[in-house]
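> Here's my sequence, what's the structure:
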Amino acid sequence: MTPTSVMSGVYLITPDQTDTAALLATTAPLLAAGVALLQYRNKRADAALRLAQATALQALCTRHQVPLLINDELELAVAVGAAGVHLGEDDGDIAAARAALGPEAIIGASCYNEPALAERAVAAGASYIAWGAFYPSTTKPLARRADPQLLRDGHRFGVPQVAIGGLTPDNAGALVAAGADLLAVISGIYAAPDPVAALRAYQACFKEAQR
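Okay, here's the model as predicted:
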């Protein structure tokens, strides 16, 4: 997948799970069910556990042909041979990440609710831009709130757009209709009684938008 490839679907992000076996057991069937991207994010793990989990997830993603991105940590992405990295506003330089990971890498940028950040990210070589939080989020309760108009206007940047923050199968369809190419989800899937069924409910948002 090249940075300019069209990406569409559910962008699954891992929870703060310290039990690696449980994380892999839940993630494997989700990858098999058709995740567009997987991002490894674990704010509770130390460096050794993050390396172990990212390495295991990379092997799993290779098996299912799903690109693995690492949240915030360029060095970890390089170490495990991940497909790319996702960077927040203060988490590193996009151009440096592109230089380290190569022209084929997927490099994402959090743009929150600020078009100026998106403009700079794309100019620096970002593969996609992420807006949000669109709705109240349990992962980031103090996150800046984004308006769907950002998605409508964001096509001008010429890269896929990610919607994140409190997404549910009931509210995500409106964001796909507004222009979201990817729906980023953590607890809506991982914390669901049936994660695969939850994933399919999010996937249905794209099918509805195509009708």
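> for the protein, longest helix please?
In terms of residue count, the longest helix belonging to the chain (DSSP state H) is helix 47-64.
> helix or strand right after that one?
strand 68-71 (DSSP states H and E).
> Give me the contact list for that following strand.
With CB atoms under 8 Å, 6 or more residues apart in numbering as the test, strand 68-71 has contacts from 13, 37-41, 54, 57-58, 61, 76-77, 80, 82-86, 106, 108. (Glycine included, C-beta is placed from N, CA and C.)
> In strands, which of those appear?
Counted as lying in strands by DSSP state E, out of these, are I13, L37, L38, Q39, Y40, G84, V85, H86, I106, G108.
> And the helices in the chain?
Using DSSP H, helices in the chain cover 20-32, 47-64, 74-80, 94-101, 115-124, 149-153, 172-178, 187-190, 195-210.
> Reformat those as a markdown table; add mean neighbour count.
What follows is these, written out as a markdown table (neighbours: other CB atoms under 10 Å):
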| stretch | mean neighbour count |
| --- | --- |
| helix 20-32 | 16 |
| helix 47-64 | 17 |
| helix 74-80 | 19 |
| helix 94-101 | 17 |
| helix 115-124 | 16 |
| helix 149-153 | 17 |
| helix 172-178 | 20 |
| helix 187-190 | 21 |
| helix 195-210 | 16 |
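> Tell me which of those helices lies nearest to G9.
Across those, G9 has its closest neighbour in helix 195-210 (6.6 Å, CB to CB).
> Let me see the residues that make contact with that closest one.
Here helix 195-210 has contacts from 8-10, 12, 26, 29-30, 33-35, 167, 169, 172-173, 176-177, 183, 185, 188-189, 192, using CB under 8 Å, 6+ apart.
> swap the cut-off to 6 Å and go again
10, 26, 29-30, 33, 169, 172-173, 176-177, 183, 189, 192 (CB atoms under 6 Å, 6 or more residues apart in numbering).
> how many degrees apart are it and helix 20-32 in direction?
Interaxial angle of helix 195-210 relative to helix 20-32 (axes from the mean of the first three to the mean of the last three CA atoms, to 10 degrees): 30 degrees.
> Can you list phi and psi of E89 for me?
Note on E89: backbone dihedrals following degrees, to the nearest 10 are phi -60, psi -30.
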